[in-house]
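Participant: need coordinates for the below:
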Amino acid sequence: MLKSITLPETATADDCARAVLEAWPDNLVVHLAGLKPEQDLREFYGAMFDKIGHAEPLAEDATVGDRNSQRTGEVWMQVRYDPSIPDAYRHSANPQPLHTDGSYIPGFPNAGFLACKAMPKSGGATTFIAGKDVVAALQSEAPDLYERLLAVDIPHARSGDRRVAPFLRFEDDQPVLNWNYYCVDMEADAEVLGLRQTLFDFLDSSPMVAERLQRVKLSPGEAVLWKDDRLLHGRDGFDPEIVSDRFLWKAQVQVEA
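Facilitator: So this is what the prediction gives:
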């Protein structure tokens, strides 16, 4: 599920690309550890993207307009603690619920990516749970919910995009997930909105989900890449001391491997 690869501090973008392409077929999460690039993280990892596939211009800016007009047309977006920016998980210190990034975007690329510029001393790890573990938890603890999630399409909408898909489907016998509680279209019918809340509560309280979560706490210079629709990811809360105490650069990438 998770492959952590320790590279020399002076590893190149080519070194990182080779490590990713080797690990990608057999893992859902690839953690590039030990790196301390001297150049800007966006330039360094942008060069890596060119070796493994390409990045998509899907960045959003929570300081611009409302939720339907925040797309910037750029590749990189900040995930940075700043209490002056309200109502945006990427700028808060709160735990972030489990989700997929592409829930409301048709044709979303296959990978999410974070590169670390700063990390607080306490908390702030990115959390991951494999799709197969979500399925196991649902089948064991909430079988009726599991069946409903296979049968009901859930519409998600934001930033002018809309996507309708079930929370869970299977492709080549592998679970494929699509979910973000805060992006479910609130004009959906009562059945969908009820299912939305039931699933949120399950993911938040399931003992098996909590037990099977894996955590990656990045150090400055490190990065993590994951298969967006084959798992759920979130974030542990943290105790910030200053603005930008947790600062990551985020991108969405199509990995060709």
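Participant: I'd assumed residue 28 was in contact with residue 1.
Facilitator: Yes: with contact defined as Cβ atoms under 8 Å, residue 1 counts as touching residue 28 (5.1 Å). Where C-beta positions appear, they are placed from N, C-alpha and C, glycine not excepted.
Participant: of those two, which one has the most company?
Facilitator: Neighbours per residue, other Cβ atoms under 10 Å: of residue 1 and residue 28, the larger number sits with residue 28, 21 against 17.
Participant: what sits against the more buried one?
Facilitator: Residue 28 makes contact with 1-2, 128, 130, 226-227, 230-231, according to Cβ atoms under 8 Å, 6 or more residues apart in numbering.
Participant: and for residue 207?
Facilitator: Counting by Cβ under 8 Å, 6+ apart, residue 207 touches residue 141.
Participant: quick one on the thing from earlier: can you list the contacts of residue 28 in CSV and add pLDDT?
Facilitator: Formatted as CSV, these follow (pLDDT from 0 to 100):
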residue, pLDDT
1, 96
2, 98
128, 98
130, 98
226, 98
227, 98
230, 98
231, 98
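Participant: closest to residue 190 out of the residues you listed?
Facilitator: residue 231 (29.3 Å; Cβ to Cβ).
Participant: what segments of the stretch 151-257 of the chain are strands?
Facilitator: Along the stretch 151-257 of the chain, the segments classed as strands by DSSP state E, counting those that start in this stretch run 153-158, 161-166, 168-171, 174-177, 214-216, 223-227, 231-235, 247-255.
Participant: format the ones you listed as CSV; extra columns: distance to residue 34.
Facilitator: Converted to CSV, those look like this (distance: least, Cβ to Cβ, whole Å):
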stretch, distance to residue 34
strand 153-158, 36
strand 161-166, 37
strand 168-171, 34
strand 174-177, 30
strand 214-216, 13
strand 223-227, 11
strand 231-235, 22
strand 247-255, 17
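Participant: ok, back up a step: hey, what's in contact with both of residue 1 and residue 28?
Facilitator: Shared contacts of residue 1 and residue 28 (Cβ under 8 Å, 6+ apart): 128, 130, 231.
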